[in-house]
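>>> here is a sequence together with a model predicted from it:
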Amino acid sequence: MNSVNINYDLKETVKGLMQELQNLVLKKDVLVMDKIQLGIVGAGLIWDLTHKQKLNMLKSIYEIRAFSVRSESTKNKLKKEYPDLEVYNDYHEMLKLDYLDAIVVLTPIQLNALVTIEALRADKYVFVEKPVATSIDDVGQIIDLEKKKKKKVFVLEQIRYNENLKKLKRILDEGKIGNVVSYELVNHGKIDEGKNNLGGFGNTDWRINPGFPLGSLFDGGIHTIAQLSYLFLKPVSVYALGSKIRSGFGEYDHILMTFSHHEGINGTFSFADYMDGSNNYFIIRGTKGTIQFKHDSLVINGDNNSTIDLPQSDESLIMWQQCAEWFAGKETFVYGLKESLQDIEMLVAVDNSLKQGEIEELN
């Protein structure tokens, strides 16, 4: 009798351990890999200027195994730099590689959703440049696939990993300026095909002739949208006005937005991609004072005036590190589809308000 009980207990213990292991593998099956094996789709400017450098700093965690690019000149460059790796013209061929754990999607914005969907269908994890999509329907389809395939989609929105932004959020939550009442944010700059090409970004055809709404606001401006949704949550309504100054680069060169948030917070966000940016600012007004968020300091005015120096924050490196921590099973923040959906909903509402000339409500 005792022998039977011992065998039964042992079987139940083994069964429980096997179930725990299965759940772990279903959630993060790359834990069995020494490194996270990556395939890169679209090794263009953002690869050269940002992600290549960060992944090279994390070689003990990530391993680049293959590329897919459309440009023959980029293909030849990659073959010289990575002579032992396959470089495909068609990313569908790369998706067939069983040894790849994840696909890094660095395509033009209008292709992000398509490539993400096909990578998920191929049972790959996905790292995709922001925005993951330009429509709410596409985000919804990706969310459904993520659940079905049990493969995480990491949206590469580095602003949400900025340590100084987190510090600002903590100060607001601590009530250092009382209850937040309003904010004003001006983010102007110039991007063009000439001296303001921003390292070549202004010379890319899909930015000059975008196949997506709002032009630069859906590209570089989404960083600020992610910042606002983090600090004040998704607004309940938006009203927007737009102006066109030059040809190309989307429907608008300046967009002025007014957001109304929960708890009576109202804010304005002025975005421009063809106006002088020397007087940009971000100020938050509360019942007991104000905070101005500068690139190197937080200036607090109120009952206790103070200036907090802000160190440089390598948010792109932190982003890749925290994604790796997620793979290692640690409880850590990663910017995913839930957060991305919120920010895309804000931009879709801005677009609707511009087209209809009315206040747009958000669900």
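Okay, I see it.
>>> use CA for all of it now, contacts and neighbours both
Noted.
>>> please list all residues in contact with I265.
Contact analysis of I265 by Cα atoms under 8 Å, 6 or more residues apart in numbering lists 180-182, 232.
>>> quick check, nearest of those residues to G336?
F232 (18.2 Å; Cα to Cα).
>>> identify the residues contacting that closest one.
261, 265.
>>> quick check: pLDDT value at it.
pLDDT recorded at F232 is 98.
>>> distance of it from T268?
F232 is 12 Å from T268, where distance means Cα to Cα, to the nearest Å.
>>> and the longest strand along the chain, which strands flank it?
The strand spanning the most residues in the chain, taking DSSP state E as the definition, is strand 180-188. Applying DSSP bridges to the sheet, strand 180-188 is found paired with strand 266-272 (parallel), strand 281-286 (antiparallel).
>>> just send those strands back as JSON lines, with mean neighbour count too.
Listed next are the strands paired with strand 180-188 as JSON lines, based on neighbours: other Cα atoms under 10 Å:
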{"stretch": "strand 266-272", "mean neighbour count": "21"}
{"stretch": "strand 281-286", "mean neighbour count": "18"}
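>>> reformat those as TSV; add mean pLDDT and distance to D219.
Below are these laid out as TSV (pLDDT from 0 to 100; distance: least, Cα to Cα, whole Å):
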stretch	mean pLDDT	distance to D219
strand 266-272	98	12
strand 281-286	98	20
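>>> check which residues of the next helix-or-strand element following the longest strand of the chain are buried.
Using DSSP states H and E, the helix or strand that follows strand 180-188 towards the C-terminus is helix 205-208. Neighbour-count burial for helix 205-208, with 16 or more other Cα atoms under 10 Å as criterion, is recorded at 206-208.
>>> please apply the same query to stretch 198-205.
Neighbour-count burial for stretch 198-205 [16+ other Cα under 10 Å]: 201-203.
>>> same list (these) but as CSV, adding distance to T134.
Listed next are those as CSV, based on distance: Cα to Cα, whole Å:
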residue, distance to T134
F201, 19
G202, 20
N203, 22
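>>> what's the closest of the residues you listed to I225?
Using Cα to Cα, those come closest to I225 at F201, 20.2 Å.
>>> wait, that closest one sits on G44?
No: the pair F201 / G44 is not scored as a contact, 9.9 Å apart, by Cα atoms under 8 Å.
>>> that older thread, please convert the contacts of I265 to JSON lines, extending it with distance to G336.
Below are the contacts of I265 laid out as JSON lines (distance: Cα to Cα, whole Å):
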{"residue": "V180", "distance to G336": "27"}
{"residue": "V181", "distance to G336": "29"}
{"residue": "S182", "distance to G336": "28"}
{"residue": "F232", "distance to G336": "18"}
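>>> that older thread, so which of the strands paired with strand 180-188 is nearest Q37?
Once the strands paired with strand 180-188 are compared by Cα to Cα, strand 266-272 is nearest, at 38.1 Å.
>>> shouldn't K151 be within a helix?
No: secondary structure of K151 (DSSP: H, G, I helix; E, B strand; the rest coil): coil, not part of a helix.
>>> list the contacts for it?
K151 neighbours (Cα under 8 Å, 6+ apart): 27, 120, 123-126.
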